[in-house]
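Enquirer: Generate a structure from the sequence data that follows.
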Amino acid sequence: MTGYPWPIQTTRLDNGLRVVVSPDHDAPVVGVNLWYDVGSRHEPPGQTGFAHLFEHLMFEGSANVAKTEHMRAVQGSGGTLNATTNPDRTNYFESVPSEHLELMLWLEADRMGGLVPALTQETLDNQRDVVKNERRQRYENVPYGDFWLRLLPLMYPAGHPYHHATIGSMDDLNAATLDTFQAFHATYYAPDNAVLTVAGDAEPERVYSLAERYFGRIPAKGGFPPPPDGHDPAPLAGPVREDVTAEVPAARIYLSARTAPFGRPEYDTATVLAAVLGAGRGARLYQRLAEGVRIAQPDYVAAYGIDLAHAPAPVIATVTARPGVDGDELEAGLVGAIDEVLADGVTAAEVERAQALLTSSWWRQTQTVAGRADVLGRYATQFGDPALAGQRLPALQAVTAERVSALAAEALAPDRRITVRYLPETKENR
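Expert: Next up is the predicted model:
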């Protein structure tokens, strides 16, 4: 079964901007997605969080668009918009009625080529505070919220591009200067470091013409500083663990391991393994720990991969204790379930179930024009060819139980595990 049945056409402007179009005239809507090849893995020491903070600044006005007017223009056109930053990239996206495609491309081109004149110290200070509050609300002041901040330094050594979280540190955010962010835009926000994708009710030639009209005048930059190479991080020196005593309602265990970069066959296998372990009520961990010995809360049993493309990506299994179950008992149950996989392997039926869930997830993502545009932008940016997106689903469906069992035995071996354990505060351990 093909994983991407819609047509794909591409071109490249003289200034290096790659333009991907996937026409689909079933509904009069388009998804517009602009991927920039810059994320937290590009941040040098002392500038953690800058890629994400810059994502916020991109909504604060540009040469011809006043502050708040970008959102107003999209929403006034009946559309939606957002942006995200992760270690590998920053993307900006809109879904609108197709009659407003030209406006969307003009807006994106204006902030690609004209953001720096509109950047002010007031804007930087305002958005710095917004991001600092986001860090507090999402990472520091919620139970288990700082897990990602703790995991990455345990998983990747200092100096590795994935060693720090995208949200950045408070010290680095406080030290950010206006000159630094003007230089950041000049360094990375250029047409030859971006992919523009349009999916939906649009003809490729019209998209190319509009892209040339609005983006074509922005000069290429070249000379983008490469991030540190993270494909071969130093091996773990045995199992790694951290116990966190905190104000949490129940013990929670995260058991993680490095696998392979997103895009490689081994990561396809790791994706199926994660679904076997933790996707839904038929998953191994749910059946053993929530339904079987009943030590885990049913709504908090999961396993998943993190789709990072430039280093061995994590697979994470997590369980949260039922009332009356302590951290030691919960961890013993999780470790026992993982060890059972290593000893006995997984079954063909488990793999088929996992593949059915992954297939449904893939089609849910690509059935919308926004989802298609994002997928194609990813493959064009990270692998140079948007058509490679069509290989993802067949690759997942080709994974066998033997491959899953072999990868589990290697990746989840006891000396390769990274465990973060949250324990509720008590009078004795405060």
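Enquirer: is it true that G168 touches E55?
Expert: No: using Cβ atoms under 8 Å, G168 makes no contact with E55, being 11.7 Å away. Where C-beta positions appear, they are placed from N, C-alpha and C, glycine not excepted.
Enquirer: G39 and N91 touch, don't they?
Expert: No: counting by Cβ under 8 Å, G39 sits too far from N91 to count as a contact (9.6 Å).
Enquirer: could you measure Y254 against F147, distance?
Expert: 6 Å (Cβ to Cβ, to the nearest Å).
Enquirer: who has more neighbours, the two?
Expert: When neighbours are counted by other Cβ atoms under 10 Å, Y254 comes out ahead of the other of Y254 and F147, with 22 against 19.
Enquirer: what's the spacing between the nearest residue to G263 once chain neighbours are set aside and G16?
Expert: Closest residue to G263 apart from its sequence neighbours, by Cβ to Cβ, 6 or more residues apart in numbering: A309 at 5.6 Å. Using Cβ to Cβ, we find A309 at a distance of 21 Å from G16.
Enquirer: A275 touches A356, doesn't it?
Expert: No: between A275 and A356 there is no contact under Cβ under 8 Å: 9.3 Å.
Enquirer: quick one: which of those two has more around it?
Expert: A275 (27 against 13).
Enquirer: May I see the buried residues of the helix or strand the more buried one falls within?
Expert: A275 is part of helix 265-278, with elements assigned from DSSP states H and E. Under the neighbour-count criterion of 16 or more other Cβ atoms under 10 Å, helix 265-278 has 266-278 buried.
Enquirer: These into a markdown table, with extra columns for distance to V240 and pLDDT?
Expert: Listed next are the buried residues of helix 265-278 as a markdown table, based on distance: Cβ to Cβ, whole Å; pLDDT from 0 to 100:
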| residue | distance to V240 | pLDDT |
| --- | --- | --- |
| E266 | 21 | 98 |
| Y267 | 21 | 98 |
| D268 | 26 | 98 |
| T269 | 23 | 98 |
| A270 | 19 | 98 |
| T271 | 23 | 98 |
| V272 | 25 | 98 |
| L273 | 20 | 98 |
| A274 | 19 | 98 |
| A275 | 25 | 98 |
| V276 | 24 | 98 |
| L277 | 20 | 98 |
| G278 | 21 | 97 |
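Enquirer: Return the member of these nearest to A186.
Expert: The closest of the buried residues of helix 265-278 to A186 turns out to be Y267 (Cβ to Cβ; 34.1 Å).
Enquirer: which residues touch the closest one?
Expert: 259-261, 305, 307, 313 (Cβ atoms under 8 Å, 6 or more residues apart in numbering).
Enquirer: with those residues in mind, which one is nearest to A321?
Expert: Minimum distance to A321 across those is 23.8 Å, recorded for G305 (Cβ to Cβ).
Enquirer: correct me, but the closest one touches T259?
Expert: Yes: assessed by Cβ under 8 Å, G305 is found in contact with T259 at 7.1 Å.
Enquirer: Which residues are in contact with each of the two?
Expert: 267, 270, 313-315.
Enquirer: which two in the residues you listed are spaced the farthest apart?
Expert: Y267 and P314 (10.6 Å).
Enquirer: Quick check: neighbours shared by the two?
Expert: Residues touching both Y267 and P314 (Cβ under 8 Å, 6+ apart) are 259, 305.
Enquirer: residues in contact with the residue nearest the centre of the chain?
Expert: For the chain, N86 is the residue whose C-alpha lies nearest the centre (Cα atoms, centre = their mean; 5.1 Å). Taking Cβ under 8 Å, 6+ apart, we find N86 in contact with 39-40, 166, 308.
Enquirer: switch the cut-off to 10 Å
Expert: Contact analysis of N86 by Cβ atoms under 10 Å, 6 or more residues apart in numbering lists 39-41, 51-52, 166, 306-309.
Enquirer: can you map out the helices along the stretch 201-350 of the chain?
Expert: 204-215, 265-278, 284-285, 327-344, 348-366 (DSSP state H, counting those that start in this stretch).
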